[in-house]
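Chemist: with the input below, show me the fold.
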Amino acid sequence: MKTTLCAIFIFVLSVNIFSQEYDITPYIKKIDEGKRDSLKAVFYKLKTNRENNASIIYLEGLLQEDAAKAIKFYKIVTSSHPASKYADAAAYRLVSYYYLIGDMDKADTYLTFLKTSYPKSSYTPKAENYFLKSATTKKVKKETVKTEKKEIPVDKKSNNNKKNDKIIEEEPGNLYSIQTGAFTKIENAKMLKTKLYNLGYYTYIKEKINNDVAYQIVFLGKYKSKAETEKVLKEIKEKLSVDGKIVPYEE
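Modeler: Below is the predicted model:
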């Protein structure tokens, strides 16, 4: 009897593990080749009766054109299927996404999760590299600002100090913008840009490469104070249900 129960337990366990895995390697290859659109029709057939399959959930995240929507799928993989084949890849995607939108606290949280839960993961060095790039960027910006300040002429005997202070205050590092969306298709980015523009906001799009994927980032505004930026952030959330993040303004 014990032998039978043990065999049943092993069988059930193996079924549960197998249900989490599906070979999506050919589909990932197509995504890497830029053939995401051609996979969509195939994917929905593939998804039938596999809604709770960890690999399929991860693949659905990869197929999202809006990076903000993709994180929902990666979070399901890391929280509900932590033992799956793509759990560490999902954690890495979360690190890279939050780095992309400038939320370094959440990026660091998922980096810690990745290192703790999957100590042998090949994604860890890649994830850590984001923080190395961030530290390097901050150092360069700091040195640039210092040099620019030295080059500003200051006459202690004149009344030009206020003018010079104003110049320093309006340097790019002290201006703010709102990052409102990240898309793999420029058409989607333009749609959001138009909606914001029609409400009277200054908007612009910048391209950023992340995980070898080009994202079109929609930014809103060029504000001199964080308080003013926070006010606008609240406005667009109420008007368009758009969640944004305050970031330094980029030329």
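Chemist: how many residues are close by Thr25?
Modeler: 9 (other Cβ atoms under 10 Å). From N, CA and C alone the C-beta is placed, and that goes for glycine too.
Chemist: and what of Leu192?
Modeler: 20.
Chemist: helix or strand: which one has it?
Modeler: helix 186-198 (DSSP states H and E).
Chemist: by contact count, what packs against that helix?
Modeler: Judged by 3 or more Cβ pairs under 8 Å, 6 or more residues apart in numbering; DSSP states H and E, helix 186-198 is in contact with strand 176-183, strand 203-210, strand 213-223, helix 226-240.
Chemist: so which of those comes closest to Lys120?
Modeler: strand 203-210 (24.0 Å; Cβ to Cβ).
Chemist: now the closest one: buried residues?
Modeler: The neighbour-count check on strand 203-210 (16 or more other Cβ atoms under 10 Å) flags Thr203, Tyr204, Asn210 as buried.
Chemist: who does the last one bridge with?
Modeler: Just to be clear, that refers to Asn210. Note on Asn210: beta-bridge partners by DSSP bridges are Val213.
Chemist: contacting residues for it?
Modeler: Counting by Cβ atoms under 8 Å, 6 or more residues apart in numbering, Asn210 makes contact with Ser96, Tyr97, Tyr99, Leu100.
Chemist: kindly recompute the last result at 10 Å.
Modeler: With contact set as Cβ atoms under 10 Å, 6 or more residues apart in numbering, Asn210 has these partners: Ala67, Arg93, Ser96, Tyr97, Tyr99, Leu100, Ile101, Tyr130, Ala182, Ile217.
Chemist: got it, and the first one?
Modeler: By Cβ under 10 Å, 6+ apart, Thr203 lies in contact with 177-178, 180, 189-190, 192-197, 218-221.
Chemist: so which of the residues you listed comes closest to Asp32?
Modeler: Taking these together and measuring to Asp32 by Cβ to Cβ, the closest member is Ala189, at 21.5 Å.
Chemist: next, count neighbours for the nearest residue to Glu65 once chain neighbours are set aside.
Modeler: Spatially, and ignoring its direct neighbours in sequence, Glu65 is nearest to Thr184 (4.7 Å; Cβ to Cβ, 6 or more residues apart in numbering). Counted with other Cβ under 10 Å, the neighbours of Thr184 add up to 19.
Chemist: let's have the helices and strands packed on helix 186-198 in a markdown table, adding distance to Pro82 and mean pLDDT.
Modeler: What follows is those, written out as a markdown table (distance: least, Cβ to Cβ, whole Å; pLDDT from 0 to 100):
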| stretch | distance to Pro82 | mean pLDDT |
| --- | --- | --- |
| strand 176-183 | 26 | 89 |
| strand 203-210 | 24 | 87 |
| strand 213-223 | 25 | 88 |
| helix 226-240 | 32 | 90 |
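Chemist: picking that back up, which one (most neighbours) among the contacts of Thr203?
Modeler: Among those, Thr180 has the most neighbours (other Cβ under 10 Å), with 27 neighbours.
Chemist: was I right about that one contacting Leu233?
Modeler: Yes - counting by Cβ atoms under 10 Å, Thr180 touches Leu233, with 9.1 Å between them.
Chemist: tell me which residue lies nearest the centroid of this structure.
Modeler: Tyr97 (1.9 Å; Cα atoms, centre = their mean).
Chemist: OK, contacts around that residue?
Modeler: Counted by Cβ under 10 Å, 6+ apart, Tyr97 has contacts 61, 67-68, 70-71, 74, 103, 106-107, 110, 182, 210-211, 215.
Chemist: ok, so of the residues you listed, who is nearest Gly244?
Modeler: Ala68 (10.2 Å).
Chemist: may I have the helix or strand the closest one falls within as PDB, with CA atoms only?
Modeler: Per DSSP H and E: Ala68 is located in helix 67-80. C-alpha atoms of helix 67-80 as PDB (Å, rounded to 0.1, in the frame of the first residue of the first chain):
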ATOM      1  CA  ALA A  67       6.500  46.900 -21.500                       C
ATOM      2  CA  ALA A  68       4.200  48.000 -18.600                       C
ATOM      3  CA  LYS A  69       1.800  45.100 -19.500                       C
ATOM      4  CA  ALA A  70       4.600  42.600 -19.800                       C
ATOM      5  CA  ILE A  71       5.600  42.900 -16.200                       C
ATOM      6  CA  LYS A  72       2.300  41.400 -15.100                       C
ATOM      7  CA  PHE A  73       3.200  38.100 -16.800                       C
ATOM      8  CA  TYR A  74       6.800  38.100 -15.400                       C
ATOM      9  CA  LYS A  75       5.500  38.600 -11.900                       C
ATOM     10  CA  ILE A  76       3.100  35.700 -12.200                       C
ATOM     11  CA  VAL A  77       6.100  33.500 -13.300                       C
ATOM     12  CA  THR A  78       8.300  34.600 -10.400                       C
ATOM     13  CA  SER A  79       5.600  34.400  -7.700                       C
ATOM     14  CA  SER A  80       3.400  31.500  -8.800                       C
END
